[in-house]
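Chemist: got a sequence here, can you model it:
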Amino acid sequence: MQLQQLQILRELGALGSVTAVAEALRVTPSAVSQQLAALQRGVRAPLTRKQGRTLVLTPAGEALAEAGAAALDAMAAARSAVDEFEAAEGGVVTISGFLSAAQALFGPLLRELGSGPDVPAIRFTDEDVAQSDFPALTARYDLVLAHRMEHSPPWPKTGIRVLTLAAEPLDVALSPEHPLAQRASLQPSDVVGERWVTSRAGYSPDDVLRTISAITNRPAEIVHRINDYGVAASVIATGDVIGVLPRYTSPGTDAVVRRPLQYVSTNRMIDVLARPENLRRRSVRLTADALGRVMTRLAR
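Modeler: Got it, this is the predicted structure:
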């Protein structure tokens with residue numbers, strides 16, 4: 001049974017003729033008759049009978065029309081509940097973030113949203129996964145903070161909406177005492193021969209280092225693989241290695257200096273991934289907008 005068929009049966013009982021039902025629903029009489037015939041095929045008891053030149057409901061038809069009215073009312077209530085849910089500014093919004101974005105954005109986001117009954121109730125989780133695994137997180141969270149290198153393949157277009165927050169450069173990070181720290185910018189040939197701390201494969205720093213090696217046609221000497229930028233910075237500060245750190249979202253420290261890398265695409269895109277149905281909720285849209293404002297201030 002379909003709701004449209006139940007509605008037609010209900011209107012037939014109320015209006016008394018196929019023609020009147022067709023006029024009320026703005027369809028043709030033949031369309032009404034076809035829907036009634038389709039409904040009858042799914043029910044053993046006759047639902048209608050001829051009374052003179054008109055078609056009226058049988059007792060079984062009246063019972064089904066009454067039940068159909070209740071079903072239509074329940075569906076209207078469900079639609080109303082969904083509309084209210086989507087329009088509400090409050091409600092729970094779940095967010096996952098990769099580690100550096102979580103450190104830089106989670107606290108400021110709460111301050112940006114403030115507090116009160118109409119403020120979304122944020123639930124954070126850190127999810128530091130490889131680039132290819134971010135889209136799947138949209139099944140578990142309303143908003144997913146994700147990153148990818150600017151030159152890498154874009155996010156899937158099916159079933160996911162992408163809101164770009166920033167294009168964040170990744171800089172070469174060095175101890176202030178390192179000889180290269182005296183330069184305003186660096187080139188791949190300047191740094192490829194250094195000892196490195198980088199991330200695990202599949203993460204942005206490793207992507208940059210692979211590009212440096214490809215451009216110079218020289219292998220990089222990787223000493224450490226550390227994904228946490230705070231830990232990596234503490235190792236870089238010793239002067240034993242150099243590394244790659246994001247400009248906006250990694251912790252700032254006087255123990256490390258950063259220099260832009262020329263002739264290499266080092267921008268990583270910081271994006272919010274979400275399923276379209278989640279973005280219909282006002283609370284989720286408000287949160288995404290607040291994330292955008294926080295990121296804009298951070299990138300100044």
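Chemist: buried stuff in the helix or strand of the chain with the lowest mean pLDDT?
Modeler: Of all regular secondary-structure elements in the chain, judged by mean pLDDT, DSSP states H and E, the least confident is helix 59-87 with a mean of 87. Buried residues in helix 59-87, counting neighbours by 16 or more other CB atoms under 10 Å, are found at 61, 64-65, 68-69, 71, 86. Glycine gets a C-beta too; all of them are placed from N, C-alpha and C.
Chemist: dump those into TSV; add distance to Ser265 as well.
Modeler: TSV is the format used below for those (distance: CB to CB, whole Å):
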residue	distance to Ser265
Gly61	70
Leu64	65
Ala65	66
Gly68	61
Ala69	63
Ala71	57
Glu86	39
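Chemist: among those, which pair sits farthest apart?
Modeler: By the measure CB to CB, Gly61 and Glu86 form the most distant pair in these, at 36.4 Å.
Chemist: by contact count, what packs against the least confident helix or strand of the chain?
Modeler: Contact analysis of helix 59-87 by 3 or more CB pairs under 8 Å, 6 or more residues apart in numbering; DSSP states H and E lists helix 3-15 as its packing neighbours.
Chemist: using PDB, list the CA coordinates for the helix it packs on.
Modeler: The C-alpha trace of helix 3-15 is given here as PDB (Å, rounded to 0.1, in the frame of the first residue of the first chain):
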ATOM      1  CA  LEU A   3       0.100   6.600   1.100                       C
ATOM      2  CA  GLN A   4      -1.200   8.200  -2.100                       C
ATOM      3  CA  GLN A   5      -3.500   5.200  -2.600                       C
ATOM      4  CA  LEU A   6      -4.800   5.500   0.900                       C
ATOM      5  CA  GLN A   7      -5.300   9.200   0.500                       C
ATOM      6  CA  ILE A   8      -7.400   8.600  -2.700                       C
ATOM      7  CA  LEU A   9      -9.500   6.000  -0.900                       C
ATOM      8  CA  ARG A  10     -10.100   8.400   2.000                       C
ATOM      9  CA  GLU A  11     -11.100  11.200  -0.400                       C
ATOM     10  CA  LEU A  12     -13.400   8.900  -2.200                       C
ATOM     11  CA  GLY A  13     -15.200   8.200   1.000                       C
ATOM     12  CA  ALA A  14     -15.400  11.900   1.900                       C
ATOM     13  CA  LEU A  15     -16.300  13.300  -1.600                       C
END
